[in-house]
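> Let's see this in three dimensions:
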Amino acid sequence: MTLDKLISKQRVHLYKPIQIAEILYHTRNKELTINDLQNSQLYRNTSKKWRDEITKRLLGQVSTSSQKFQDNLFEENAIPARIIGILGVENNMYDGVVERYIYQQFRERQKRVLSL
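Numbers count the residues shown, from 1 in each chain. Below is the predicted model:
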C-alpha cells in the first residue's frame, strides 16, 4: 500500500504521515470536501499548519525540513492528491480508520525508540 511505503521511509517523527492524517481529519470534519482532496493546492500550506499544531503537542517540535522536502509529500512517488482522495473516501466511510492507522504507526514507532 502507498501509505505503508511512505510510513516505512519516514524517520521517527512521521511528519508526512501525520500531515496526511490531519488532511483526512479535517476532511472528515467537513473543513474540506472529498472533491477538494483532488487538488493539493487547496490544502498544501494549511495542512502543514495542522501537522505542526499536532506535532508540537505530541513531540514538542515541528518539522524543520525545507519547503521543497515538505512539499514532495504530494508528488507521484509519495502520496499524490488522487491517492489522498481514495484515502479520504475510506477514512470517511469507516469513521477515521486511516487517521487511526497512521497514529497507531506513530505510537509504535515512538515505543520502539523509547525502548532503545
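
> for the residue most central in space within the chain, what are its contacts?
Among the residues of the chain, the one closest to the centroid is residue 20, at 1.9 Å (CA atoms, centre = their mean). Listed by CB atoms under 8 Å, 6 or more residues apart in numbering, the contact partners of residue 20 are 3, 6, 73, 79, 84, 87, 98, 102. Heads up, the C-betas are built off the backbone N, CA and C, glycines and all.

> For the chain, which segments count as helices?
Using DSSP state H, the helices of the chain run over residues 2-9, 15-28, 44-59, 67-71, 81-93, 97-115.

> could you dump the ones you listed to a markdown table with mean pLDDT and distance to residue 37?
Below are those laid out as a markdown table (pLDDT from 0 to 100; distance: least, CB to CB, whole Å):
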| stretch | mean pLDDT | distance to residue 37 |
| --- | --- | --- |
| helix 2-9 | 79 | 14 |
| helix 15-28 | 96 | 6 |
| helix 44-59 | 95 | 11 |
| helix 67-71 | 85 | 16 |
| helix 81-93 | 96 | 4 |
| helix 97-115 | 89 | 12 |
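
> right, so the ones you listed: which one is the most enclosed?
Highest mean neighbour count of the helices of the chain: helix 15-28, a mean of 24 (counted as mean count of other CB atoms under 10 Å).
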